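*Asks:* Pasting a predicted model and its sequence here:
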Amino acid sequence: MSQAQQGTQQGRTASKIADVFELKSASLSLLSLVLKSADLSVLAAALHARLGDTPDMFNHEPLLIDLTHLVRADAAVAGDAATPTQMNLDDATQGGGLDLAGLLDLLRGYKMQPVAVLGANAAELAQALALGLADSPEADFVQGNAALSMAELEPTEAGEQVREVREVRVEVIREVIREVAVPAEAAKTMIIDKPLRSGQQIYAKGGDLVVLALVNHGAEVIADGSIHVYAPLRGKAIAGAKGNTDARIFATSMEAELIAIAGTYRTTENPLPDTVFGKPAQIRLEGEKLVMEPLKL
């Protein structure tokens, strides 16, 4: 076959490949779990205490496991002398180091979807690669605006549960991903006109949620924007689920057992004040404090 014929054949092959896939760079927003302890029993207790009432809150969102602040045992740190290719998964977990396999099982139980690790030492990286996680060099990351993160959970003076939030923006250069514009209808308001029973969960992704009927105890209403309930709100209400601090919660009868806006929580352990309980009210975020105000209807 002549060089001209070979060139023509290669051109046809390349054209066929282009019809099947393209390799492009893309950007991806990830939740970031900033891990500070390798003790999974301690982490499990903290997760249950803060998320036990809302185990489906993260809805399989991609998650970055940030180990840059992890306190490691001496034996685990000693593993830095070896390279990932010199270890297997069993070797990597010896000596009291981080058990990444157990960590993945724990996080997936709360509907988180780990995809990469940041700041891993050699032993941890060996585990991560064996478990199908990507290695994310710190140089690839730029911190952006606030978004939901399991970085840190601390109580405030008022008793609300406050979650430190962080968004990590990743420039993916090896993924086969095509950028797709988000359709406008994705941000439309969701309207629910039937009562919500205990155990039911409604999530308005990318927009507001309007409920025209009773939200019973044990039911959950979640929105990336604001939540409007034109009936008694007795279950759990989580507004600004992706970090929107301008989101609010409105109800014609505020009786919620849990309220949250952009990661700031309040439960029945700290009851709603008499000025809003059982009355038309709104709840908004001012700094790190939930402000509750009656509505004049």
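*Replies:* It's in.
*Asks:* who's the residue nearest to residue 293 when sequence neighbours are not counted bridged to?
*Replies:* Take residue 293 and drop its neighbours on the chain: the residue closest to it by CB to CB, 6 or more residues apart in numbering is residue 282, 5.6 Å away. For glycine as for every other residue, the C-beta is placed from the backbone atoms N, C-alpha and C. Assessed by DSSP bridges, residue 282 has beta-bridge partners residue 250, residue 293.
*Asks:* Looking at the residue nearest to residue 190 when sequence neighbours are not counted now. What's its pLDDT?
*Replies:* Once flanking residues are discounted, residue 190 sits nearest to residue 204: 3.9 Å by CB to CB, 6+ apart. Looking at residue 204, its pLDDT stands at 92.
*Asks:* Could I get the full set of helices for this protein?
*Replies:* 3-20, 40-51, 74-78, 89-92, 100-108, 122-130 (DSSP state H).
*Asks:* Let me see the mean pLDDT of the last one.
*Replies:* Right, the one you point to is helix 122-130. 88.
*Asks:* just the angle between that helix and helix 100-108, please?
*Replies:* Put simply, helix 122-130 runs at 60 degrees to helix 100-108, going by axes from the mean of the first three to the mean of the last three CA atoms, to 10 degrees.
*Asks:* Tell me which other helices or strands helix 122-130 touches.
*Replies:* helix 89-92, helix 100-108, strand 112-118, strand 134-135 (3 or more CB pairs under 8 Å, 6 or more residues apart in numbering; DSSP states H and E).
*Asks:* ok, back up a step: hmm, the residue nearest to residue 190 is touching residue 226, no?
*Replies:* No - with contact defined as CB atoms under 8 Å, residue 204 does not reach residue 226; the gap is 9.3 Å.
*Asks:* what about residue 188, distance to residue 209?
*Replies:* 11 Å (CB to CB, to the nearest Å).
*Asks:* out of those two, which sits in the busier spot?
*Replies:* Using other CB atoms under 10 Å as the criterion, residue 188 and residue 209 rank with residue 209 on top: 25 against 12.
*Asks:* bridging residues for the nearest residue to the more buried one once chain neighbours are set aside?
*Replies:* The shortest distance from residue 209 to any residue other than its chain neighbours is 3.9 Å, reached at residue 223 (CB to CB, 6+ apart). Beta bridges link residue 223 to residue 204, judged by DSSP bridges.
*Asks:* that older thread, for residue 287, which of the helices and strands packed on helix 122-130 is the nearest?
*Replies:* strand 112-118 (27.1 Å; CB to CB).
*Asks:* what helices or strands is the closest one leaning on?
*Replies:* Partner elements for strand 112-118 (3+ CB pairs under 8 Å, 6+ apart): strand 26-34, strand 61-66, helix 100-108, helix 122-130, strand 134-135.
*Asks:* averaging pLDDT over each of the helices of the chain, which comes out lowest?
*Replies:* helix 74-78 (a mean of 41).
*Asks:* hang on, the earlier thing: quick one: contacts for the residue nearest to residue 190?
*Replies:* By CB atoms under 8 Å, 6 or more residues apart in numbering, the contact set of residue 204 is 189, 190, 222, 223, 224, 225, 227.
*Asks:* so, if you compare those residues, which one comes nearest to residue 103?
*Replies:* residue 222 (24.9 Å).
*Asks:* Pull the contacting residues for the closest one.
*Replies:* Neighbours of residue 222 in contact, by CB under 8 Å, 6+ apart: 54, 57, 201, 202, 203, 204, 209, 237, 238, 239, 241.
*Asks:* was I right about the fifth one contacting residue 227?
*Replies:* No - no contact is recorded between residue 203 and residue 227 when judged using CB under 8 Å, the distance being 10.8 Å.
*Asks:* quick one: which of those two has more around it?
*Replies:* The neighbour count for residue 203 versus residue 227, taken as other CB under 10 Å, is higher for residue 227 (29 against 17).
*Asks:* Beta-bridge partners for that one, please?
*Replies:* Beta-bridge pairing for residue 227 (DSSP bridges): residue 209, residue 249.
*Asks:* for residue 263, phi and psi?
*Replies:* phi 90, psi -10 (degrees, to the nearest 10).
*Asks:* Am I right that it is in contact with residue 244?
*Replies:* No - contact criterion CB under 8 Å: residue 263 and residue 244 do not qualify, at 10.3 Å.
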